[in-house]
Every structure is written in C-alpha cells, then in structure tokens.
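In: Could you work out the structure for the sequence below:
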Amino acid sequence: MKTNYLLFNLFIKSILIVFNLSFFSIIAAEVKTAENITIENHVEDDLYCAAGEIILKGSVKGDVNLAGGEIIIYSNISNDLNAVGGSIKVLSNVEDDVHITGGQITISKKVNGDVFIAGGDIFIDETAEILGTVYIAGGSIKIHGTVEGKTVITGGKISIAGSLKNDLTIKNAGHTDISGNIHGKSIISSEELYINKNASFHSPVEYWSKNTVDFYDTLKKGEAVFNHELKQSYHPPIVFMLALILLALASGFLIIYTINRFGGNYLNESSHFLEDNFITGFGTGALYFLVVPAVIFLLFISMIGIPFAIVFGFIYVTTLIFLRPITAVILSYWFNKKLGKNWNQNQIFFISFGILIFLAFISFIPAVGWLANAVISTAAFGSLIQIAYTKNKKPGSSKKKFLKS
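Out: The predicted structure follows:
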C-alpha cells in the first residue's frame, strides 16, 4: 500500500517538474542544457532549475524543483525538495518533504519531513537524520543513517546499518542485510535475509525468507516469527494466449485500482475542475503533450542533455500509459457529481473500469473516436495537472523563480 502511494506521489511530482520546466523553457525560447548551472545567491521564492549539471550553494526560502543529469545540493532548503535526475546528492538540510526520482541518490543531512525516493542506487548516509517517514523503492538501497518515522522499503538489494526508531516494513526484496538497530515492529519479506550479530531488534519481528535465518542474540524484546503469508509468490499463467488477451484489461484494472486508491482526492477534484474549466484543462493538457516532446527532442540533439532527455522521456511515456485509466477515473467522479450520486470507492472503481472499456471501444472508430478520446483525455489530464499544481503550491507563495541553463 505504502509503495503504491510512494509511486503515485512521485508520479504526480515528476509530472509537475517536467511540465513546468518544459513549458517555461519553450516560452523563453532557449534550452541550453549543454551548460552547467551554479546557484550561489539566496533565492526568496520557489526555484525551478533545469540543466546538465546543477550545483546549488545558495539557500532557498521556497520549494526547490530540479531536473538534470547531475545535481549536488550544498545549501539548506526551507520547504520541499523535488528532484528528477541521473545523480542526485543532498548534502544539506531540508526543512520539509523530499521527493526524488533518479539513478544514484544520496542523502547526507537532516530532513524534517517525509522522504519519498524511487531510483537505482539509493544511499542514506550515516550523517543523515530523517524525522519523518521514509518510503523507498529502488534497485540497491543502503540506510546507514537515523530514521525517526516509519520506514517502508521495496527493492532488489537492501542494507540497513543505521538506527530506525519506528516500524520497518520490507516488501518484495531480493537480498536483505540488517546490522543496525530496529526499535519498532519489523515486517520483512525477502528472498534472502541475513542478520548481523551487531544488529538489535527492540520489538517483535515477522519475516519470510527462502533461507534459514539466524537472529543470534539480536532479539532484545519480542520474538522473531516466520510468517508464510509474507511469501513472495508468482503464479505463471495456465494458458499463455489467454493471458495475452486479458493483459490490457488486467493492466487497466490494476492501474485504476491503484490511482483511485491512492490518488482519489486528486482525481475527484480534477473532475470538478474539468466541469468548470474544460477549456483551461484542455489547454494545459495540450501544452504538456505538445511541449514536452519538443523539449525532449532538443535535449536529445545535445550531448550533455541526453540523460536529461531520457528521464523526461520515461516520465512522458509513463503518463501515456496511465492516461486512459486516469481519464476513466476522473470521468467516473464527474458522473458521480453530475448525477447527484454518492458512490463509494468500490462503485467508483467498477464504473471507472466500465468507462475504460468504453474509451477503448470508441478508439476503434476512425476519426471521430480518435478525436473524442484525444480531446477528453487531454482535458482530463490537464485538469489533473492544474489540481496537482494547486495542491503542491505552498500557501502564501506568490511568484516563482525559474532558472534555465
């Protein structure tokens, strides 16, 4: 559940970063990703910055939104940090939440809010202190610092050598090594689980692993219980051709469930915006789908901009995959309001799935069906961007400061 929330949250944040940076780059009529950016002066407002390499040395009073090949942050950030990039190093304090999507990610200082990370190699340094909850999904994850809130992890290879003051949840891990101190309850599902003699568990542990796990004298309070229900299972399809036929419906089914379960408020408010501001929603969506590919193309033709373009391209393709299910859910909320109903989450879910099938069906109608799908989906997605932008804007924030290389 937490992992799905993490991914949806990062999905929304990434869309906002790509939309803002792409749109303002095109307005300025220049995209110079071949140059590096070093920001040394204090920034009073929110900061948006895009470049091949970004070095932030000046303090920022508002939110920081960065996208680049390599990002290094030396100065303190007063509000949220939102970053998308290849290599991202946070070497300063962050007063609010952190949302990062990238290849190699390092956090070395204090974070007063929650941390949401999805990436390849993720390292929470021993000097790091996170006061909020940590949600991490990645390939290789190392936590050597201190986490005051809950820790929720899913990844290929996980190493915990720090101090976790609250509950620990590890899901769908390949290899897990624990040598740190875990003060809260632990729920661990890992194909391989190894406990170092220096580790300590101060609350009960539930675990599943393929290998036999020796906890030595690490259980200071409570017991370690093997829970077969935590087992990672894979059920291969009985009829391969049937699975191929049902794949599209099943994918839509799961996507609708996930985005409605963890993004229902966004989508419900988007339906209200769509009804009252259809043209604005359509214009915003059109900007996203037309401007972002142009920016990606410009980035690809520059050598240093290629990593930046790959990140933007991945996010853009992801939005295309999610586009029709998102549209279906927004329309279901729109019908709920229009018809004066009070549908619960289950009803919204099944009605959304029915709308998804209908949208898929009319897409087979030449010209008219394609046009209807494009207009409705563009307006719905634009409404989501508008609502996400509003919800992620700090109260009292006025003008933004946009920097480009």
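
In: Show me the helices in the stretch 251-400 of the chain, by range?
Out: In the stretch 251-400 of the chain, helices defined by DSSP state H, counting those that start in this stretch lie at 278-300, 306-338, 345-362, 368-391, listed in chain order.

In: Packing partners of the first one?
Out: In terms of contacts (3 or more Cβ pairs under 8 Å, 6 or more residues apart in numbering; DSSP states H and E), helix 278-300 is packed against helix 2-28, helix 240-276, helix 306-338, helix 368-391. Where C-beta positions appear, they are placed from N, C-alpha and C, glycine not excepted.

In: what angle do the last one and helix 278-300 make?
Out: With axes from the mean of the first three to the mean of the last three Cα atoms, to 10 degrees applied, the angle from helix 368-391 to helix 278-300 works out at 90 degrees.

In: residues making contact with helix 368-391?
Out: 12, 15-16, 19, 266-267, 269-271, 273-274, 277-278, 280-289, 319, 323-324, 326-327, 330-331, 359, 362-363 (Cβ atoms under 8 Å, 6 or more residues apart in numbering).

In: if we can go back for a sec, worst average pLDDT in the helices and strands packed on helix 278-300?
Out: Ranked by mean pLDDT, the helices and strands packed on helix 278-300 end with helix 2-28 at the bottom, a mean of 52.

In: can you list the domains in this protein?
Out: 2-230, 240-404 (automatic domain parsing).

In: can I get those in JSON lines with mean neighbour count?
Out: Converted to JSON lines, the domains of the chain look like this (neighbours: other Cβ atoms under 10 Å):
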{"stretch": "domain 2-230", "mean neighbour count": "20"}
{"stretch": "domain 240-404", "mean neighbour count": "17"}
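
In: so who does the nearest residue to residue 176 once chain neighbours are set aside touch?
Out: Spatially, and ignoring its direct neighbours in sequence, residue 176 is nearest to residue 190 (4.0 Å; Cβ to Cβ, 6 or more residues apart in numbering). Counting by Cβ under 8 Å, 6+ apart, residue 190 makes contact with 158, 170, 173-176, 207-209.

In: next one: phi and psi at residue 190?
Out: Note on residue 190: its backbone torsions stand at phi -150, psi 140 [degrees, to the nearest 10].

In: That one pairs with what?
Out: In this entry, residue 190 is beta-bridged to residue 173, by DSSP bridges.

In: distance of the residue nearest to residue 219 when sequence neighbours are not counted from residue 312?
Out: Ranked by Cβ to Cβ, 6+ apart and with sequence neighbours excluded, the top spatial neighbour of residue 219 is residue 201, at 5.3 Å. Residue 201 sits at a distance of 43 Å from residue 312 (criterion: Cβ to Cβ, to the nearest Å).
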